[in-house]
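Peer 1: 3D, please:
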Amino acid sequence: MKGLLFTVVLFCAFLCVTNAQDSDDFASKTYVRMGGGGTSFHGADDVILMTDFNLGVQVLASRIPAWSLAVGKQWGLASGGFYAGAEASIGNSGCVYDSDLCDYPVPEEDACYLRYDFTHLQLMPMVGECASLSRNVDFDIHVGLFGSCNLKNSCTQRLYGSLETTEPLDMRSFRRLDAGLAGGFGFWFYDRINVDFLYQYGLVKRSDFWGKTSTCLIRLGYAF
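Peer 2: Got it, this is the predicted structure:
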């Protein structure tokens, strides 16, 4: 499944490049974007802690800070502000299970902290439309697919009062490839400066336990 989705992303990116045409339309741009937000897993299993009182405390997956640095290209299509585009980026995903965030107070000797971090390369083909709101402000909405491959991974853990440790994940315990849906909107100012809001919804479970990627980003961009 993950290999098929990743192949679809690459194929869509190829179609964007081959079917798009250069144009003087205001939707055509080459840009860089960078920013941050939050990332976690949706559909993940919960961690259940047994306390001194023999109570099962449910620890939910929570967000960790996310970041992204992207280079992108938009090709204006024949009709108005419609465009096809693609981004290549480096960024991160992951999540944390932290008993300190539980509604029920957990004693230190029973506490848990599990944080998973992935650094990835990502490709995101997309289609969108730019609409002029005023002389110097354009509204941009876009949807697409993303595919990513992990370059680096780590797990930071502290369980039941043990010392905190950080080490690479077992290569057999997670899936390096990820793919899913993406959508967002933003504003272009003076056709050069951009504020962009992006959400990515993963369709591939990172492991049998962790669930799928969910990432929200706010990015600033500049078009050349």
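
Peer 1: for the helix or strand that contains residue 69, which positions count as buried?
Peer 2: In the assignment (DSSP states H and E), residue 69 maps to strand 64-76. Within strand 64-76, the residues that count as buried by 16 or more other C-beta atoms under 10 Å are 64, 66, 67, 68, 70, 72, 73, 74, 75, 76. (C-beta placed from N, C-alpha, C; glycine too.)

Peer 1: and the pLDDT at the residue lying closest to residue 143 once chain neighbours are set aside?
Peer 2: The shortest distance from residue 143 to any non-neighbouring residue, by C-beta to C-beta, 6 or more residues apart in numbering, is to residue 183 (4.5 Å). Note on residue 183: pLDDT of 97.

Peer 1: tell me the helix or strand right after the helix or strand harbouring residue 183.
Peer 2: According to DSSP H and E, residue 183 maps onto strand 177-189. Once the chain leaves strand 177-189, the next helix or strand it forms, by DSSP H and E, is strand 193-205.

Peer 1: thinking again about what came up before, other SSEs contacting the helix or strand following the strand holding residue 69?
Peer 2: Following strand 64-76 in sequence order, the next helix or strand is strand 82-98 (DSSP H and E). Here strand 82-98 touches helix 2-19, strand 29-42, strand 61-62, strand 64-76, strand 112-132, strand 137-159, going by 3 or more C-beta pairs under 8 Å, 6 or more residues apart in numbering; DSSP states H and E.

Peer 1: try it again with 6 Å
Peer 2: Applying 3 or more C-beta pairs under 6 Å, 6 or more residues apart in numbering; DSSP states H and E, one finds that strand 82-98 makes contact with helix 2-19, strand 29-42, strand 64-76, strand 112-132.

Peer 1: strand partners (parallel or antiparallel) of that strand?
Peer 2: strand 61-62 (antiparallel), strand 64-76 (antiparallel), strand 112-132 (antiparallel) (DSSP bridges).

Peer 1: roughly how far apart are the residue nearest to residue 143 and residue 48?
Peer 2: Residue 183 sits 34 Å away from residue 48, going by C-beta to C-beta, to the nearest Å.

Peer 1: between those two, which one's more packed in?
Peer 2: Set residue 183 next to residue 48 and count neighbours by other C-beta atoms under 10 Å: residue 183 wins out with 15 against 10.

Peer 1: so which bits of stretch 108-124 are buried?
Peer 2: Buried-residue list, stretch 108-124, by 16+ other C-beta under 10 Å: 110-120, 122-124.
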